[in-house]
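*Asks:* Predicted coordinates and the sequence they were generated for:
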Amino acid sequence: MVHSNSSKPRFSGILMHISSLPNGGMCGTFGEPSRKWISLLSLNEISVWQFLPLTPTDCSGSPYSSPSSFAFNPWFLDSNDLVEEGFISINAFDELPKTLSTNDNSKLDFRLENLRINNLAKALRKEWIYQSKERQLEFDKWRLDQFWLEDYACFMELRRQYNGLPWWEWPEKFSKYNIKELANWKSKYKDFLLEQMLLQWHLNRQWKALREIAHANGILLFGDLPFYVSRDSADAWSNRELFSIFPGGELLNQSGVPPDYFSETGQLWGTPVYRWQKHKNTSYKWWRSRLRHQWLQVDLLRLDHFRAMDSYWAVPGAHLTAQKGCWLPSPGLEMLTILTNDYGSSLPLVAEDLGVITPAVDCLRSYFGFPGMKILQFGFDGNLNNPYLPENIKGYKWIVYTGTHDNDTTNGWWSEQGDESKEMVCQRYKGNYQSPAWKLIELGMNTDSILFVSPLQDILSLGTEARLNKPGTIKDNWNWMLCNFDSDLLLALKNYGELTKLCGRSFEEVHKIFKEY
């Protein structure tokens, strides 16, 4: 049981991306898989569901390198719900691609998902003329309110027509974002653009309904926002003046982090850094729209690479390593102040502040009252002053994790640890669990942090085979799936809920506390 000395209400959550939800071997959706998951969280008094960015993925399956900062991932669209509501026919549903193999249905098939969505988009467009006037008016009203939608639809259709080539390799009349040429092209391909827009409208409808269900069940939705955007995105293509790229698409300066203990060449991410003066000249209009869009989807938001709000590592675009970059200042204080005024109260942001963090970054986070992150797997290196050791996590404003989507599962991590690290865990753990994952779960719950989150893989005591992502690699990531809502899952959630023993279960109480602290 939890033995923390904290007098403040504390909450638990689970990190589980929508794509990993059980759905007969296909990608999880905003439909019944998510509704079932929310009901299980509520039944076990688990207050927070954390997931990865909801945006479309790149070709490797990563949601952190998306073709849009505003669109939903079409894979999440639930076709069963579309049939029930009369948006597609039973025949069209039956013709959608489905998984043929049950030998490895714990791995997501990206190719199959893309094929399913292509067919589903065509079915939605063909059935659209038979929809009621009320539905068509509802769609038109929503479409006109989405400033990003038309550029996104054009981008995705042009990418399809040019076989997935990045936008800077398209014919110049399109790569240069020529308004006149695009107008003629839009008229010619309006049916295909409608397909993209209908997908996004239905995704928006389904997520809106799901969020209402989550709130009714007292579940807080915890989203994720990458700091940078992909160079090959609708955002960069249609707003290139805001990003450090040349008109032809070449990178002027790119993002990354400098060399450190873990990498002598640093990390090179290949995304354009921001032209901050351009953003400032528009009163940060793009960023404000981006955050406003997020608040329509989630209740709490993790801001990836928060340290770049203070200063960022800029590397010349032609360089192949991050060694010869430089630190440049960011206008984080000014922009976050404006975003706070837009929101009307304290921003419900969580700062991803992992790695080497300067006092200036800590001051910026503390000034706005954002919780930071603590990863227990990072704590047991033999250094008693390690800030990730449970006893060194002081205060309330932290989100504590066993690990994140970028870590191995805790049982996988344990198998790679030496005797000294294992002994450090065992010295601190006085409970009855034998699973290394559950040892860290209970240690995390005993901290005074406002929220403790465990990836579902740790709650199920799974090994490395269930790892979601291994940074620095591009193969076999982002494809782990839970096979079933089975008895093992139900028991694990029951045990996790019982271990939490938190007060203030309602959504209103959770949200009030995050705003207050």
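*Replies:* Thanks, I have the structure now.
*Asks:* Okay, buried residues for stretch 37-51 please.
*Replies:* Buried residues in stretch 37-51, counted by 16 or more other CB atoms under 10 Å: 37-38, 40-42, 44-51. For glycine as for every other residue, the C-beta is placed from the backbone atoms N, C-alpha and C.
*Asks:* now, which of the residues you listed sits nearest residue 23?
*Replies:* Within the buried residues of stretch 37-51, proximity to residue 23 (CB to CB) peaks at residue 37, which comes in at 10.7 Å.
*Asks:* Contact partners for the closest one?
*Replies:* 16, 21, 49 (CB atoms under 8 Å, 6 or more residues apart in numbering).
*Asks:* What segments of the protein are strands?
*Replies:* 11-15, 48-50, 220-225, 253-257, 267-272, 300-303, 311-316, 326-329, 349-351, 372-375, 398-401, 451-455 (DSSP state E).
*Asks:* Please name every helix or strand in contact with the third one.
*Replies:* I take that to be strand 220-225. The elements that strand 220-225 packs onto, with contact taken as 3 or more CB pairs under 8 Å, 6 or more residues apart in numbering; DSSP states H and E, are strand 11-15, strand 48-50, helix 190-216, helix 285-295, strand 300-303, helix 507-516.
*Asks:* who touches the fifth one?
*Replies:* The set of residues external to strand 300-303 that reach it, using CB under 8 Å, 6+ apart, is 48, 50, 220-225, 227, 291, 294-295, 309, 348-352, 370, 373, 514.
*Asks:* Would you show me how to pick out the buried ones of the residues you listed in ChimeraX?
*Replies:* Buried members of these can be picked out in ChimeraX with the line below, counting by 16+ other CB under 10 Å:
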select :48,50,220,221,222,223,224,225,227,291,294,309,348,349,350,351,352,370,373,514
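*Asks:* follow-up on the earlier one: columns distance to residue 482 on top of the contacts of residue 37, output as TSV?
*Replies:* Output for the contacts of residue 37, formatted as TSV (distance: CB to CB, whole Å):
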residue	distance to residue 482
16	8
21	7
49	14
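*Asks:* And for the closest residue to residue 233 other than its chain neighbours, the neighbour number?
*Replies:* Nearest non-adjacent residue to residue 233, counting by CB to CB, 6 or more residues apart in numbering: residue 67, 5.0 Å away. Counted with other CB atoms under 10 Å, the neighbours of residue 67 add up to 23.
*Asks:* quick one: which of the helices and strands packed on strand 220-225 is nearest residue 331?
*Replies:* Nearest of the helices and strands packed on strand 220-225 (CB to CB): helix 285-295, 10.0 Å.
*Asks:* Would you mind getting the angle between the closest one and strand 220-225?
*Replies:* Helix 285-295 runs at 150 degrees relative to strand 220-225, counting by axes from the mean of the first three to the mean of the last three CA atoms, to 10 degrees.
*Asks:* Run the chain-centre distance for helix 285-295.
*Replies:* Put simply, helix 285-295 sits 15 Å off its chain's centre (CA atoms, centre = their mean, to the nearest Å).
*Asks:* Kindly report the same for stretch 235-252.
*Replies:* The answer for stretch 235-252 is 24 Å, by CA atoms, centre = their mean.
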